[in-house]
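Undergrad: Kindly generate the corresponding structure for this input.
(one chain, ligands or ions: 1)
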Amino acid sequence: MKHSPYTEAVHAGDDPTQHFGALSVPIYPASVYGFPDTEIGAAVHNEEKEGYYYGRLGNPTQRALENAMAQLEGGEDSFAVASGMAAVSAAIFTLVRSGEHIVAPQSMYATTTNLLHHLKDRFGIETTFIDATSAENYRAAIRANTKLFWVETPTNPLVLITDIESVASIGRDNGVTTVVDNTFATPFNQRPLELGADAVIHSATKYLGGHSDLTAGVIVGTREFIADAKHGAGKFYGGNIAPQVAWLVLRGIKTLALRMERHNFNALKIANMLGDHPKVKAVYYPGLESHPNHEIARRQMPGGYGGMVGLDLGTVEAGKAFANAVKICTLATSLGGVETILQHSASMTHAPIPREDRLKAGITDGLIRLSVGVEDVDDLIEDLNQALDQIP
Ligand SMILES: Cc1ncc(COP(=O)(O)O)c(C=O)c1O
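TA: Sure, this is the predicted structure:
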């Protein structure tokens with residue numbers, strides 16, 4: 001039976017018949033598991049009997065996280081891995097072969113973009129990068145060898161929105177698999193599989209973990225896709241999650257709904273405040289009616305619009321002055337934790353990139369990416385206002 005997302009976050013994957021009914025799933029650090037006899041050893045190795053035999057191939061703590069994530073995303077099965085990029089690469093390696101073709105957003109998490117360039121150079125897997133704010137651009141980019149539509153929505157860092165339902169439908173009609181990076185939204189805000197996507201990936205480093213204290217990733221999809229991912233990318237490239245980290249993600253998920261509700265609330269209020277501020281040239285937040293794809297976001301993000309807000313202060317100097325003046329907010333590069341952090345891309349992550357290339361990627365001189373935490377929103381607004389006052 002399906003329950004409210006608040007109840008699901010606390011109880012997803014519960015199995016009172018396991019682990020003596022412990023409310024916190026134990027951490028199984030073992031890298032090796034023994035068998036009572038060769039018959040059982042053979043059955044476990046051949047996957048005819050449930051069990052574990054070697055750390056790289058899973059453990060009961062990892063399995064508990066996978067069960068929880070499958071339930072939260074509404075998928076058949078899941079695979080927990082060592083980072084968000086391990087999830088991205090495992091999904092791609094499972095679905096695409098040398099000589100095949102991918103369609104992906106021209107603006108998204110930069111390391112995913114770089115991975116796709118790397119795949120072209122190393123393995124002859126070509127990607128067409130499109131403006132993903134129009135689903136029809138996916139259709140227009142289809143070739144005879146297209147195997148994968150990659151979707152990231154909202155995107156990092158510009159919080160652009162892609163219409164998941166339309167892209168997945170175009171994919172289905174053309175025999176192309178649609179995978180959605182659901183890191184920014186989380187299953188509390190958006191459930192891509194219910195909208196027709198074939199699989200979902202996460203950087204669990206962000207909202208799923210939620211406390212800036214772990215690195216992990218998750219893939220969710222059909223039983224067949226996850227089995228392929230485990231037998232191929234998992235077994236050969238060896239990126240499965242450590243049991244201690246799986247336990248931390250599981251603990252984080254228990255408060256996912258509470259945290260996301262607060263992230264959503266705080267971010268919307270802050271986006272509205274920034275929109276009214278004379279020193280802010282532009283605000284990017286899917287929850288604002290001024291966002292170009294607000295209507296799509298409203299439809300496909302029933303839980304809320306997330307904690308990520310972009311603001312443009314116009315110049316590199318203004319961006320730096322603001323970033324250096326915040327007091328409660330921390331200048332840092334990740335996102336999705338309980339604490340509010342911000343990044344000025346032009347002077348930090350994108351500083352080594354030529355300005356022209358940076359601008360082409362939509363990273364303007366004064367762009368600030370704000371990961372709004374769960375602190376008191378009035379304290380955050382006061383801090384942001386005093387930092388805006390420091391801009392000459
Ligand atoms: C949208 C998105 N996907 C994937 C990743 C990669 O995750 P990780 O850093 O856990 O490898 C990130 C990291 O920032 C991200 O923002």
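Undergrad: Which residue does the chain have closest to the ligand?
TA: residue 84 (2.1 Å; Cβ to the nearest ligand atom). To be clear about C-beta, it is placed using only N, CA and C from the backbone, and glycine gets the same treatment.
Undergrad: right, and that residue touches residue 208 too?
TA: No: in this structure, residue 84 is not within contact of residue 208 by Cβ atoms under 8 Å, at 9.9 Å.
Undergrad: who touches both of the two?
TA: 202, 216 (Cβ atoms under 8 Å, 6 or more residues apart in numbering).
Undergrad: Neighbour count: these two, which is higher?
TA: Set residue 84 next to residue 208 and count neighbours by other Cβ atoms under 10 Å: residue 208 wins out with 31 against 24.
Undergrad: For residue 220, give me the backbone phi and psi.
TA: Phi and psi for residue 220, reported as degrees, to the nearest 10, are phi -130, psi 140.
Undergrad: now it, which residues is it bridged with?
TA: With DSSP bridges as the criterion, residue 220 is bridged to residue 78, residue 200.
Undergrad: I'd like the distance between it and residue 199.
TA: To residue 199, residue 220 is 6 Å away according to Cβ to Cβ, to the nearest Å.
Undergrad: mind listing what residue 12 touches?
TA: By Cβ under 8 Å, 6+ apart, the neighbours of residue 12 are 67-69, 71-72, 253.
Undergrad: among those, which are within reach of the ligand?
TA: For the ligand, no contacts are drawn from these by Cβ under 6 Å from any ligand atom.
Undergrad: Dump these to a markdown table, plus neighbour count and secondary structure.
TA: Listed next are these as a markdown table, based on neighbours: other Cβ atoms under 10 Å; DSSP: H, G, I helix; E, B strand; the rest coil:
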| residue | neighbour count | secondary structure |
| --- | --- | --- |
| 67 | 20 | helix |
| 68 | 27 | helix |
| 69 | 27 | helix |
| 71 | 20 | helix |
| 72 | 26 | helix |
| 253 | 27 | helix |
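Undergrad: tell me which of these is nearest to residue 141?
TA: residue 69 (30.0 Å; Cβ to Cβ).
Undergrad: can you tell me which residues contact that closest one?
TA: 12-13, 75, 78, 80, 202, 208, 218, 220, 253.
Undergrad: that older thread, of residue 220 and residue 199, who's got more company?
TA: residue 220 (32 against 26).
Undergrad: So what's the predicted local confidence for the more buried one?
TA: At residue 220, the predicted lDDT confidence score is 98.
Undergrad: likewise residue 2?
TA: The predicted local confidence for residue 2 is 75.
Undergrad: With residue 353 instead?
TA: At residue 353, pLDDT is 87.
Undergrad: Please, which helix or strand holds it?
TA: Here residue 353, judged by DSSP states H and E, is contained in no helix and no strand.
Undergrad: can you list the residues of this protein near the ligand?
TA: Checking the chain against the ligand by Cβ under 6 Å from any ligand atom, the hits are 83-85, 88, 109, 152, 156, 181, 183-184, 203, 205, 215, 217.
Undergrad: mind checking the SS state of residue 343?
TA: Following DSSP: H, G, I helix; E, B strand; the rest coil, residue 343 is assigned to strand.
Undergrad: so who does the nearest residue to it once chain neighbours are set aside touch?
TA: Sequence neighbours aside, residue 369 is the residue nearest to residue 343 in space, at 4.8 Å (criterion: Cβ to Cβ, 6 or more residues apart in numbering). Residue 369 makes contacts with 156-157, 308-310, 335, 342-343, 345, as judged by Cβ under 8 Å, 6+ apart.
Undergrad: mind giving me the domain split of the protein?
TA: Using automatic domain parsing, the domains assigned to the chain come out as 5-254, 256-389.
Undergrad: Which helix or strand contains residue 183?
TA: Using DSSP H and E, no helix or strand contains residue 183.
Undergrad: Dihedrals phi and psi, it?
TA: phi -60, psi -50.
Undergrad: from what I can see it touches residue 85, true?
TA: No: judged on Cβ under 8 Å, residue 183 makes no contact with residue 85 at a distance of 11.1 Å.
Undergrad: These two: who's more crowded?
TA: residue 183 (30 against 20).
Undergrad: Just give me the neighbour total for residue 46.
TA: The burial count for residue 46: 8, using other Cβ under 10 Å.
Undergrad: what's the answer for residue 70, then?
TA: 22.
Undergrad: That one touches residue 78, doesn't it?
TA: Yes: the criterion here is Cβ under 8 Å, and residue 70 meets it with residue 78 at 4.2 Å.
Undergrad: Spit out the residues that contact these two alike.
TA: Going by Cβ under 8 Å, 6+ apart, residues that sit against residue 70 and also against residue 78 are residue 220.
Undergrad: And the closest residue to residue 190 other than its chain neighbours, how close does it get to residue 252?
TA: Distance criterion Cβ to Cβ, 6+ apart; nearest residue to residue 190, sequence neighbours excluded, is residue 301 at 4.7 Å. For residue 301, the distance to residue 252 (Cβ to Cβ) stands at 21 Å.
Undergrad: likewise residue 130?
TA: 33 Å.
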